[in-house]
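Enquirer: output the structure for:
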Amino acid sequence: NFVIPLYWGLGLALLLVKRTRFTLPLALGLALFLGLSGAIMPCPKPEAPAIKTFPDMVFEYLDESVSSGDVKAAITLNNKNVRASNDDLQATYVFIIGESHSKRHSSLYGYGRETMPEMGKLKATGDLVLFTDVVSPNSFTCYVVPRLLSFASHESGMASYDTQNIFDVMNVAGFKTFWFGNQSGYDSNDPQCHGIASRASVWKVSPNGGLPDSCLMPMLDAALKDKAPRKFIVLHLWGSHFEYSRCYPPGFGNFKTDESSPLFNAEQNLHKAEINSYDNSVLFTDSILGTVVSKLKAAGGKSFMLYLSDHGENLYELKSVVTHMDFMPTRYSAEIPMLLWMSDKYKELSPKAKIDCIKKSSSNPYDSDDIINTVIDLSSIKTPRFDEEKSIVNQNFIPKRRIVSNDGLDYDSLLTVSRAAFLNQPGK
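Expert: Coordinates of the predicted model:
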């Protein structure tokens, strides 16, 4: 139990010297102390609520304290030799990143409340590909989004600024790129996300992040009217971010805050205002997705909309566990919805074998930290960095071990949690 923490401590020492004003002897001393602490401190069991330890906080601080200037310089350096091409004459591809969207509260995945009627209509007519086994690599937005936008992953071990990103690839391939964000503090101030998002041809953030996501629609309208023949648009939603009642306009929603439901377990009934507000937030996200599809249909041409959430959400499925914590992942915070809509022109101009493969891929087990490969594949981009084995829609896709936290926790381990002591059963 000593070797691994010591190895970890030495690595931390190098990080401290590199990123802070720590001298090497002081850094080594602190790292040794932290390594010994890790050796004697038992790791939290998956079935038990965890406590953020001091080492957790140190790593979090180091990850978030990288300066914006250093990040941008690294991104520029690591993307200066990007090679990419695309043969589309016209195309509009929209990639939407949701927030804290739980599969368990999505009617598309069997939830008993109709929280996603617009997407449900598309699914009923065969116009929606619903991916059923996708997990997030982390449960914090600041860790997930940079991975979604770059080739960074738990498997690669690289930071998002040390590898290529989707905007530079699309730019080189001849697309005009757009980033529209509704999490102003994060989109503007987080070094890694801002560093990558600012590589877009057009970068805009809602001045009052946290407003209902309808505030992004005028930005989308302007992008769709842009004369560039090929466009790649990323929308970063407020989604179902806590506090849930702020996620949708006043008066919106089908679920009253004081409403009970036989779907709720005992603890959810104690927090029914929170659960009802959450379900209304998912309903509003569904309306946003429906609006985007309608706008793409009206614009015509070859297009797709790919949506996934950054991570899921805990909603009292486990006793006293709500929202999400990266140091305490659960299956509810790891499992995410993911869906794809393709225009008629997209399906017409794509090889039939490709469309058939996309439709057959819906049940593939996937980790979203490889999503850049799927976006590149769907966009018919040719680039040396693309890995077909990491694109969920590719015929050569190969499933991998899925890590859901920076501690290396395997998703499969979450499925073996002892449920008797922690799971609230509906109606009890």
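
Enquirer: which residues touch the most centrally placed residue in the chain?
Expert: With distances taken as Cα atoms, centre = their mean, residue 310 lies nearest the centre of the chain, 2.1 Å away. Taking Cβ atoms under 8 Å, 6 or more residues apart in numbering, we find residue 310 in contact with 97, 98, 99, 100, 136, 141, 144, 145, 148, 336. For glycine as for every other residue, the C-beta is placed from the backbone atoms N, C-alpha and C.

Enquirer: and residue 245, by the same measure?
Expert: So, once contact is read as Cβ under 8 Å, 6+ apart, residue 245 ends up touching 257, 277, 280.

Enquirer: next, the last one: secondary structure please.
Expert: Classification of residue 280 using DSSP: H, G, I helix; E, B strand; the rest coil returns helix.

Enquirer: and it, how many residues sit next to it?
Expert: Counted by other Cβ atoms under 10 Å, the residues lying close to residue 280 total 22.

Enquirer: and the gap between it and residue 124?
Expert: Per Cβ to Cβ, to the nearest Å, residue 280 is found 22 Å from residue 124.

Enquirer: give me the low-pLDDT residue ranges for the stretch 201-350 of the chain?
Expert: 209-210, 319-323, 325-327 (pLDDT under 70).

Enquirer: packing partners of the strand or helix carrying residue 273?
Expert: Element membership for residue 273 (DSSP states H and E) is helix 272-299. Packing partners of helix 272-299 (3 or more Cβ pairs under 8 Å, 6 or more residues apart in numbering; DSSP states H and E): strand 91-98, helix 117-124, helix 217-225, strand 303-309, strand 314-315, strand 335-342.

Enquirer: would TSV of those with distance to residue 328 and mean neighbour count be doable?
Expert: TSV is the format used below for the helices and strands packed on helix 272-299 (distance: least, Cβ to Cβ, whole Å; neighbours: other Cβ atoms under 10 Å):
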stretch	distance to residue 328	mean neighbour count
strand 91-98	21	25
helix 117-124	30	17
helix 217-225	35	15
strand 303-309	18	24
strand 314-315	9	24
strand 335-342	15	23
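
Enquirer: okay, the ones you listed in TSV with distance to residue 287 next?
Expert: Shown next, in TSV, are these (distance: least, Cβ to Cβ, whole Å):
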stretch	distance to residue 287
strand 91-98	13
helix 117-124	6
helix 217-225	11
strand 303-309	13
strand 314-315	20
strand 335-342	15
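
Enquirer: where exactly do the helices run in the stretch 101-250 of the chain?
Expert: 117-124, 141-148, 166-172, 184-189, 191-197, 217-225 (DSSP state H, counting those that start in this stretch).

Enquirer: worst average pLDDT in these?
Expert: Of all these, helix 184-189 carries the lowest average pLDDT, namely a mean of 69.

Enquirer: and the helix holding residue 273, how far out from the chain middle?
Expert: 17 Å (Cα atoms, centre = their mean, to the nearest Å).

Enquirer: make 40 the first number, not 1, from now on.
Expert: Yep, numbering from 40; the last one is helix 311-338 now.

Enquirer: what angle do strand 374-381 and it make with each other?
Expert: 20 degrees (axes from the mean of the first three to the mean of the last three Cα atoms, to 10 degrees).

Enquirer: that older thread, out of the helices of the stretch 140-289 of the chain, nearest to residue 435?
Expert: helix 205-211 (19.7 Å; Cβ to Cβ).

Enquirer: tabulate the CA atom coordinates of the closest one in PDB.
Expert: C-alpha atoms of helix 205-211 as PDB (Å, rounded to 0.1, in the frame of the first residue of the first chain):
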ATOM      1  CA  ILE A 205     -12.300  19.800 -32.500                       C
ATOM      2  CA  PHE A 206     -12.300  23.500 -33.500                       C
ATOM      3  CA  ASP A 207      -8.800  23.400 -35.000                       C
ATOM      4  CA  VAL A 208      -9.700  20.200 -36.800                       C
ATOM      5  CA  MET A 209     -12.900  21.700 -38.200                       C
ATOM      6  CA  ASN A 210     -11.300  25.000 -39.100                       C
ATOM      7  CA  VAL A 211      -8.500  23.300 -41.100                       C
END
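
Enquirer: and that helix, how far out from the chain's middle?
Expert: Distance, centroid of helix 205-211 to centroid of chain: 19 Å (Cα atoms, centre = their mean).

Enquirer: buried stuff in that helix?
Expert: Neighbour-count burial for helix 205-211, counted by 16 or more other Cβ atoms under 10 Å, picks out 205, 206, 207, 208, 209, 210, 211.
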